[in-house]
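J.: Okay, sequence plus prediction incoming.
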Amino acid sequence: KNEVEQSPQNLTAQEGEFITINCSYSVGISALHWLQQHPGGGIVSLFMLSSGKKKHGRLIATINIQEKHSSLHITASHPRDSAVYICAVRRPSTGNQFYFGTGTSLTVIP
Amino acid sequence: DAGVIQSPRHEVTEMGQEVTLRCKPISGHNSLFWYRQTMMRGLELLIYFNNNVPIDDSGMPEDRFSAKMPNASFSTLKIQPSEPRDSAVYFCASSLHSEQFFGPGTRLTVL
């Protein structure tokens, strides 16, 4: 069983819709990261969370440490948000070792 | 800063050949990571360095893979001999604190 599970695997939305991507993990963590990978392949780090909530533009990331769950929200989605979103957790006992989810492929239709 | 630089961007080679992937981290960053991404397994951490020292290489699949970081501005990932199952995109990333900055990746195809 993968330590990090994401849902949904694939998501299609109409432009302007509110989008939620979920990440659940089964191990103790020191931090959780959300990454964005565009169709061209480049990977960008969106957020690093250890508690609470962070907001950057139309993106909001939340984490509930007790429930071992994080969500990534996109408000007023746009076609340029189309990408794969990857959740990754860092475990305190293993330094910077990352464990990755399999990603959520988002397509936003104009 | 130019960001993390990887070369080559694409590599096609034949089974049994040696492959060397190169990475130049962002200047001033003290951690460097090598990842592999495949359709089947997604992103996997292969090895990471802190201050040029390998900290965790438990993700390196087998002895055919080796990585070096001779100085703070350069790292290599070598596969010898290469096999078709090594075909993947290999990413290098660097960081100073917690946020990692990824290079554009090297797409390796082993025929």
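T.: Looks like it came in fine.
J.: hey, let's count contacts and neighbours off CA atoms from now on
T.: Fine.
J.: hmm, who's touching the worst-scoring helix or strand of chain B on mean pLDDT?
T.: Least confident helix or strand of chain B, by mean pLDDT, DSSP states H and E, is strand B:53-56 with a mean of 88. Contact with strand B:53-56 is made by A:Q97, B:I47, B:Y48, B:F49, B:K68, B:M69, as judged by C-alpha atoms under 8 Å, 6 or more residues apart in numbering or on different chains.
J.: Just the residues you listed: which are in strands?
T.: Those of the contacts of strand B:53-56 mapping onto strands are B:I47, B:Y48, B:F49, B:K68, B:M69, per DSSP state E.
J.: the strands in the chain, which residues?
T.: Assuming you mean chain A. A:4-7, A:10-14, A:19-25, A:31-37, A:43-49, A:52-56, A:59-64, A:69-74, A:83-90, A:98-100, A:104-109.
J.: ah, no, chain B please
T.: Using DSSP E, strands in chain B cover B:5-7, B:10-13, B:19-24, B:31-38, B:42-50, B:53-56, B:65-71, B:74-79, B:88-95, B:100-102, B:106-110.
J.: any chance of these in JSON lines, with mean neighbour count too?
T.: JSON lines is the format used below for the strands of chain B (neighbours: other C-alpha atoms under 10 Å in any protein chain shown):
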{"stretch": "strand B:5-7", "mean neighbour count": "20"}
{"stretch": "strand B:10-13", "mean neighbour count": "14"}
{"stretch": "strand B:19-24", "mean neighbour count": "21"}
{"stretch": "strand B:31-38", "mean neighbour count": "23"}
{"stretch": "strand B:42-50", "mean neighbour count": "22"}
{"stretch": "strand B:53-56", "mean neighbour count": "16"}
{"stretch": "strand B:65-71", "mean neighbour count": "16"}
{"stretch": "strand B:74-79", "mean neighbour count": "19"}
{"stretch": "strand B:88-95", "mean neighbour count": "25"}
{"stretch": "strand B:100-102", "mean neighbour count": "23"}
{"stretch": "strand B:106-110", "mean neighbour count": "20"}
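J.: how about these, which one is nearest A:C87?
T.: When the strands of chain B are compared by C-alpha to C-alpha, strand B:42-50 sits nearest A:C87, at 10.4 Å.
J.: ok so, going back, out of the contacts of strand B:53-56, which comes closest to B:R107?
T.: Within the contacts of strand B:53-56, proximity to B:R107 (C-alpha to C-alpha) peaks at B:I47, which comes in at 17.9 Å.
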